[in-house]
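# any chance you could fold what I've pasted below:
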Amino acid sequence: MAGFVGVVVSDPWLQSQFTQVELRSLKAKYNFIKREHGRVAVRDLPVVMVKVKGIKDVVSEEEITSILGESFPDTGQEIEFEQFLRECLNVHAKAAGKSGGTKNSSSFLKAATTTLLHTINETERSIYVAHINAYLRDDPFLKNYLPIDPASNDIFNLVRDGVLLCKLINVAVPGTIDERAINTKKVLNPWERNENHTLCLNSAKAIGCTVVNIGTQDLVEGRPHLVLGLISQIIKIQLLADLNLKKMPQLVELVDDSKDIEELLNLAPEKMLLKWMNFHLQKAGYKKPVTNFSSDLKVNKMEAFAYLLNVLAPEHCSPSTLDTKDPTQRAKLVLDHAEKMNCKRYLTPTDIVEGSANLNLAFVAQIFQQRNGLSTDSKKISFAEMMPDEVQASREERAFRMWINSLGISTYVNCVFEDVRDGWVLLEVLDKISPGSVHWKHATKPPIKMPFRKVENCNQIVRIGKQLRLSLVNVAGHDIVQGNKKLILAYLWQLMRFNILQLLKNLRFHSQGKEMTDADILNWANRKVKNSGRTSQMESFKDKKLSNGIFFLELLSSVEPRVVNWNLVTKGESDDEKKLNATYIISVARKLGCSVFLLPEDIMEVNPKMILVLTASIMFWSLQRQPSEESEASEISTDDSSSVKAPSSDGEDFGSEAAESISNLTMDDAASEKSFVESISSPVGEEKVANTPN
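The predicted structure follows:
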């Protein structure tokens, strides 16, 4: 199964210094030099190392040559792969020292990726384990393994088969994974275990987790900091799930003017929680606003917690909480107060005093869930409920947001409509999918105080879009600055589509270097299903017959016969049966290795944009993983006589220019690896867990 083969290094310590994705990337660079020159010599290394993250922009190629010269006076000396890895570590250490860092404060490519050099927060581990025990203890499969001892490392062994992480994702966002797709045998073979981890990572991205430089092998090995980082994000998403106006219209009480509701709609859940906390603190007479869950709460020595609980649950209020001067004792009284409100006691007084942002956020979120203290003002609630559903939770906005976050850009997007208005996020996206297209010297990084700087950023976005031959008639930078939702969604859709077609085109042994079109994707899918002996066909990406899901299950089965369990497939006649099939399709595609961001409703309603992305994802996976099928080459862009002309799949009038012509840009291996490859088809993604998306 794709994605299982890892790079094995004979020295265990050396292996531990890199994630599997890092090893594969470095191995690819090493093999490229070997293919070009027949061998890898010392003199060949600087030109490769200077492009590696953690080294580039810190040391020059000449400096790398000098560093290597200290160990290898003979530049013609041949270098084996493991020695190449050691020299990468050596150069990285010198680069870290030059930039003011230390080897112990950073990993090879990014901070906190190496288990041996990363300190695990024992308290956070205990809290996360307690949370898992509480929410999964009744699971039919996991009840035989729970509860986990919070003081042990059992959690890292239990995640090795992938089942627990998949189940935890479903607790955070119910229905994300069709549990029929999880392999739950007591003893899994390597392929089944890898499938579970692939499903887990792709589903984690689909609910908003940030994963950078982590592969399935890293989870199989149970790397503690990567496992805890992923678990912390999943739990955070669960705790903040209700902090939006759709699920809780009472939140409109946090604003005085109806004009502010639009701003409230666009708030990230974490900021919404802070706004809620400050709302009650102000009511309690507390004068110091809380701007974060770490230093502000630590500095005020639990006063904010005491005031918050006093106003939410005055019946349990004790004057001694504020009278107590000792922070630890006050923290104990705060926890006693919270426990009387039925908040589970995961934290210790010391945890609160130390000001851990993750733990404090979890504590405040738990208080919110137990007692939010918001009124049921029917006037305000009815106003919130009257807001159109597409404004409250646009499925397309969600899909594009998850896609952007999966690209590994430095900015985490909480709301597309708000976060793209200064232009910076879109410039980062453009730089990912079309490297070198952005003139960073002409861009302004947030925070941006001068409005015209935002317009400059957005004008460059429009210019680049036109260079990529996107349809941007009568679109100007100020449209993005003003948050024109229709134009923003249209622009993002064209970017996503451009990226898909460009990557498919880059598989030159299949496309023969020709431009890829929607029709090519459609024809490939129909041929694939037909060649497998099935009879389903797709007339277009708007074909209403697709709503029952049968065609996509047959397509998935045609690219990997064993991935679909036909005993679980319904006829798709009723809405309930269609939803079961749609949910299963998405999970099977993710299990196969496709990171897709659509929802079951997109299949049931035949959303042409999401249908195109799903089909292209499966196509990319199939062509990338099965290069031996030479007959595939003749199936793409060569059989014009039998080609079905696919209508524009976007559902919008983007113009024939966007629908039929994609610019012929060159994307090197590194660029394509770090763009939509991870987003649509990589079973692992070049991604590493970041503890908390900001």
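
# can we go C-alpha only for contacts and neighbour counts from here?
Fine.

# which residues are contacting stretch 27-45?
7, 48, 65, 68, 72, 74-81 (Cα atoms under 8 Å, 6 or more residues apart in numbering).

# which one of those residues sits closest to residue 170?
Of all the contacts of stretch 27-45, residue 7 has the smallest distance to residue 170: 31.1 Å, by Cα to Cα.

# isn't the closest one right up against residue 24?
Yes. Contact status for residue 7 versus residue 24: in contact at 6.2 Å, counting by Cα atoms under 8 Å.

# contacts only, for residue 466.
Residue 466 neighbours (Cα under 8 Å, 6+ apart): residue 472.

# and it, what element?
Here residue 466, judged by DSSP states H and E, is contained in helix 451-467.

# what residues of that helix count as buried?
Buried residues in helix 451-467, counted by 16 or more other Cα atoms under 10 Å: 453-465.

# what's the answer for stretch 20-39, then?
20-27, 29-30, 33, 39.

# distance of residue 430 from residue 489?
Taking Cα to Cα, to the nearest Å as the measure, residue 430 falls 15 Å from residue 489.

# more neighbours, the two?
residue 430 (21 against 16; other Cα atoms under 10 Å).

# if I look at the more buried one, how far off is residue 440?
From residue 430 to residue 440 the distance is 11 Å (Cα to Cα).

# same question, residue 288
Taking Cα to Cα, one finds residue 288 at 39 Å from residue 440.

# now for the residue nearest the centre of the chain: which residues touch it?
In the chain, the centroid-proximal residue (Cα atoms, centre = their mean) is residue 205; its distance is 3.3 Å. Contacts for residue 205 were tallied using Cα under 8 Å, 6+ apart; they are 211, 402, 405-406, 595.

# hmm, try it at 6 Å
Listed by Cα atoms under 6 Å, 6 or more residues apart in numbering, residue 205 has no contact partners.

# element containing residue 277, please.
For residue 277, the host element (DSSP H and E) is helix 269-283.

# pull out the CA atoms of that helix and give them to me as PDB.
In PDB, the C-alpha atoms belonging to helix 269-283 read as follows (Å, rounded to 0.1, in the frame of the first residue of the first chain):
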ATOM      1  CA  PRO A 269     -12.900  30.000  18.400                       C
ATOM      2  CA  GLU A 270      -9.900  30.800  20.700                       C
ATOM      3  CA  LYS A 271     -10.500  34.500  20.400                       C
ATOM      4  CA  MET A 272     -14.300  34.000  20.900                       C
ATOM      5  CA  LEU A 273     -13.500  32.200  24.200                       C
ATOM      6  CA  LEU A 274     -11.300  35.200  25.300                       C
ATOM      7  CA  LYS A 275     -14.100  37.600  24.300                       C
ATOM      8  CA  TRP A 276     -16.600  35.500  26.300                       C
ATOM      9  CA  MET A 277     -14.200  35.500  29.300                       C
ATOM     10  CA  ASN A 278     -13.600  39.200  29.200                       C
ATOM     11  CA  PHE A 279     -17.400  39.800  28.900                       C
ATOM     12  CA  HIS A 280     -18.000  38.100  32.200                       C
ATOM     13  CA  LEU A 281     -14.900  39.600  33.900                       C
ATOM     14  CA  GLN A 282     -16.200  43.100  32.900                       C
ATOM     15  CA  LYS A 283     -19.600  42.200  34.500                       C
END
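
# for the spatially closest residue to residue 543 that is not a sequence neighbour, helix, strand, or coil?
Spatial nearest neighbour of residue 543, chain neighbours left out: residue 606 (7.2 Å); criterion: Cα to Cα, 6 or more residues apart in numbering. Judged by DSSP: H, G, I helix; E, B strand; the rest coil, the three-state class of residue 606 is coil.

# how many neighbours does residue 606 have?
21.

# could you do the one 3 residues further on as well?
When neighbours are counted by other Cα under 10 Å, residue 609 registers 22.

# can I get the helix or strand it falls within in PDB, CA atoms only?
Assigned by DSSP H and E, residue 609 falls within helix 608-625. In PDB, the C-alpha atoms belonging to helix 608-625 read as follows (Å, rounded to 0.1, in the frame of the first residue of the first chain):
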ATOM      1  CA  PRO A 608     -19.400  20.300  -9.100                       C
ATOM      2  CA  LYS A 609     -16.400  22.000  -7.600                       C
ATOM      3  CA  MET A 610     -15.900  19.400  -4.900                       C
ATOM      4  CA  ILE A 611     -16.800  16.500  -7.200                       C
ATOM      5  CA  LEU A 612     -14.000  17.700  -9.500                       C
ATOM      6  CA  VAL A 613     -11.500  17.900  -6.600                       C
ATOM      7  CA  LEU A 614     -12.500  14.400  -5.400                       C
ATOM      8  CA  THR A 615     -12.100  12.800  -8.800                       C
ATOM      9  CA  ALA A 616      -8.800  14.600  -9.500                       C
ATOM     10  CA  SER A 617      -7.500  13.500  -6.100                       C
ATOM     11  CA  ILE A 618      -8.200   9.800  -6.900                       C
ATOM     12  CA  MET A 619      -6.700  10.300 -10.300                       C
ATOM     13  CA  PHE A 620      -3.500  11.800  -9.000                       C
ATOM     14  CA  TRP A 621      -3.100   9.000  -6.400                       C
ATOM     15  CA  SER A 622      -3.600   6.300  -9.000                       C
ATOM     16  CA  LEU A 623      -1.200   7.800 -11.600                       C
ATOM     17  CA  GLN A 624       1.400   8.600  -9.000                       C
ATOM     18  CA  ARG A 625       1.300   5.300  -7.200                       C
END
